[in-house]
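> Sequence first, predicted model second:
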Amino acid sequence: MISDTTQDAPAIPATDQAASPAADRTDTEAPSSWRAPDTAMVRDMPVPSSSEMRTADIARTSTASRGARVERRSLVDGDDAQRLWELYEGCLGQIDDLSALNHVESHERVIRLFANQAVTKIVAYDEDDDPIGLGLVTNALEIVEDTTPAFFRARFPEHADGRIFYGMAILIAASRRGMSVFSKVYIDMWQFVAEHAGVLVFDCCKFNRDAFDVDSLVERIAAQFPGSTLQVIDQQTFWAAELPNPIS
């Protein structure tokens with residue numbers, strides 16, 4: 001679902017840097033891979049009450065993930081890109097059985113994506129400097145295949161100056177699933193967008209929404225950002241009609 005074509009949007013790539021400290025304030029359990037188009041969401045829902053926010057206290061960080069560090073990178077190439085490809089392939093290799101839309105791109109296309117500085121790569125590394133998590137986000141909306149940039153710009157005209165960002169992928173190594181590495185990467189993606197006073201758009205398939213209670217997860221994350229809101233802005237539904245007999 002990723003295009004590597006040149007785009008005209010005013011991209012805001014990350015300079016290679018450590019992630020925002022906000023990324024270390026999370027402890028939210030989540031899936032090992034999350035990239036399945038079905039529902040696009042943006043921050044546009046009322047923030048939960050204080051009592052609801054306590055259930056997602058992002059000041060907690062699990063011991064198992066304290067050794068993980070998160071960096072924002074604008075360019076990943078060479079051996080680093082190959083290591084991220086192996087993470088990508090390992091996370092998405094089984095998802096074709098769970099979602100109607102394709103998610104696994106070719107090695108060549110993904111390597112070009114890693115080299116595209118219009119896409120910010122949020123990378124989590126373990127204590128041995130091996131990549132264990134990856135987030136991809138861009139404001140170059142033309143890069144994201146099977147979406148319509150004009151739809152988002154019409155929906156959010158006040159942010160159409162390059163402050164509409166698309167969360168293209170969140171991938172977490174299976175060995176770190178449920179250890180809050182997901183939260184470190186995901187929170188920093190939201191933080192990156194918030195630093196530009198932007199809108200974050202992303203999508204998720206029904207399987208992940210149901211299996212990991214994604215709706216509640218994103219509500220809890222949105223609640224941590226002052227003044228944020230959240231809403232569903234579109235949905236794609238696949239119907240299947242079994243027809244064992246024709247009309248007589």
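Okay, I see it. Residues are numbered from 1 along each chain as shown.
> got the contact list for residue 132?
68, 87, 124, 125, 126, 172, 173, 175, 176, 181 (Cβ atoms under 8 Å, 6 or more residues apart in numbering). The C-beta positions use only the backbone N, C-alpha and C, and glycine is treated the same way.
> Just the buried subset of those, written out for ChimeraX, thanks.
In ChimeraX, a selection of the buried entries from the contacts of residue 132 looks like this (16 or more other Cβ atoms under 10 Å):
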select :68,87,124,125,126,172,173,176,181
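> Any chance of a markdown table for the contacts of residue 132, columns secondary structure?
Formatted as a markdown table, these follow (DSSP: H, G, I helix; E, B strand; the rest coil):
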| residue | secondary structure |
| --- | --- |
| 68 | coil |
| 87 | helix |
| 124 | strand |
| 125 | strand |
| 126 | coil |
| 172 | strand |
| 173 | coil |
| 175 | helix |
| 176 | helix |
| 181 | helix |
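> so which of the contacts of residue 132 comes closest to residue 111?
Taking Cβ to Cβ as the measure, residue 111 sits nearest to residue 87 out of the contacts of residue 132, at 12.9 Å.
> dump the residue contacts of the nearest residue to the closest one once chain neighbours are set aside.
Leaving aside its chain neighbours, residue 87 sits nearest to residue 131 (5.2 Å; criterion: Cβ to Cβ, 6 or more residues apart in numbering). Contacts for residue 131 (Cβ under 8 Å, 6+ apart) come out as 80, 83, 84, 87, 123, 124, 125, 173.
> so which helix or strand takes in the spatially closest residue to residue 175 that is not a sequence neighbour?
Of all residues not flanking residue 175 in the chain, residue 132 sits nearest, at 7.1 Å (Cβ to Cβ, 6+ apart). Using DSSP states H and E, residue 132 maps to strand 131-138.
> Neighbouring strands - and their directions - for that strand?
Strand 131-138 has the following strand partners under DSSP bridges: strand 119-125 (antiparallel), strand 164-172 (antiparallel).
> That strand: what's the following helix or strand?
Taking DSSP H and E, what comes next after strand 131-138 is helix 149-155.
> coming back round to it: ok, now how distant is the residue nearest to residue 175 from residue 202?
Note on residue 132: its distance to residue 202, by Cβ to Cβ, to the nearest Å, is 21 Å.
> Likewise for residue 157?
Distance of residue 157 to residue 202, computed by Cβ to Cβ: 20 Å.
> Looking at the two, which is more packed in?
Shown here are residue 157 and residue 202; by other Cβ atoms under 10 Å, residue 202 has more neighbours (23 against 10).
> Wasn't the more buried one part of a strand?
Yes. Remark: residue 202 belongs to a strand, assigned using three-state DSSP.
> isn't residue 193 right next to residue 135, touching?
No. The pair residue 193 / residue 135 is not scored as a contact, 11.1 Å apart, by Cβ atoms under 8 Å.
> Compare the two (neighbour count), which wins?
Shown here are residue 193 and residue 135; by other Cβ under 10 Å, residue 135 has more neighbours (29 against 25).
> if we look at the sheet, which residues does the residue lying closest to that one once chain neighbours are set aside bridge to?
Once flanking residues are discounted, residue 135 sits nearest to residue 122: 3.8 Å by Cβ to Cβ, 6+ apart. Judged by DSSP bridges, the bridge partners of residue 122 are residue 72, residue 135.
> pretty sure residue 122 contacts residue 70?
Yes. Between residue 122 and residue 70 there is a contact under Cβ under 8 Å: 6.3 Å.
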